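**Q** I'll drop the sequence and a predicted model, then ask my questions.
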Amino acid sequence: MPTLTTLVKFNIPVGLQVIELQQVDYEGANMRQLRTRIREKSRFTVFDIDPQSARLWGEALLRWAAEQPDNQIPAEPSE
């Protein structure tokens, strides 16, 4: 059974989604992945990615965000 550690959880104000990023550690397999959980009302989308894919995805998100105007509504952390 993997060990899950929540890294961040926040609300997307426009679409009302809740995004949660979790670290997934697999005992005995010496493997770690990043789990992305997206909740929309009662529907969940969950997927795990490896560190290299997470880096590519994160860099693409940062590039896109850097090109946007600063007057956008920020995501709010959830409790």
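**A** Yep, that arrived. Numbering: from 1, shown residues only.
**Q** Can you find the helix or strand of this structure with the lowest average pLDDT?
**A** strand 76-77 (a mean of 60; mean pLDDT, DSSP states H and E).
**Q** tell me how far stretch 5-25 is from the chain's mean position?
**A** 5 Å (CA atoms, centre = their mean, to the nearest Å).
**Q** So what does the residue located most distally from the centre of the chain look like in phi/psi?
**A** Within the chain, the residue lying farthest from the chain centre (CA atoms, centre = their mean) is Gly28, at 24.7 Å. With angles defined as degrees, to the nearest 10, Gly28 sits at phi 80, psi -20.
**Q** now Arg32
**A** phi -130, psi 140.
**Q** My guess is it contacts Asp25. True?
**A** Yes: counting by CB atoms under 8 Å, Asp25 is a contact partner of Arg32 at 5.4 Å. From N, CA and C alone the C-beta is placed, and that goes for glycine too.
**Q** tell me the contacts of Asp50?
**A** 33-34 (CB atoms under 8 Å, 6 or more residues apart in numbering).
**Q** and it, how far is that from Thr5?
**A** 17 Å (CB to CB, to the nearest Å).
**Q** pLDDT value on Ala67, please?
**A** To be clear, residue 67 is Glu; Ala isn't right here. Per-residue pLDDT puts Glu67 at 89.
**Q** With Ile38 instead?
**A** pLDDT at Ile38 comes out at 96.
**Q** Moving C-terminal from the one helix or strand it maps to, which element do we reach first?
**A** Using DSSP states H and E, the element containing Ile38 is strand 31-40. Following strand 31-40 in sequence order, the next helix or strand is strand 43-49 (DSSP H and E).
**Q** and that next one, which strands flank it?
**A** With DSSP bridges as the test, strand 43-49 is paired with strand 31-40 (antiparallel).
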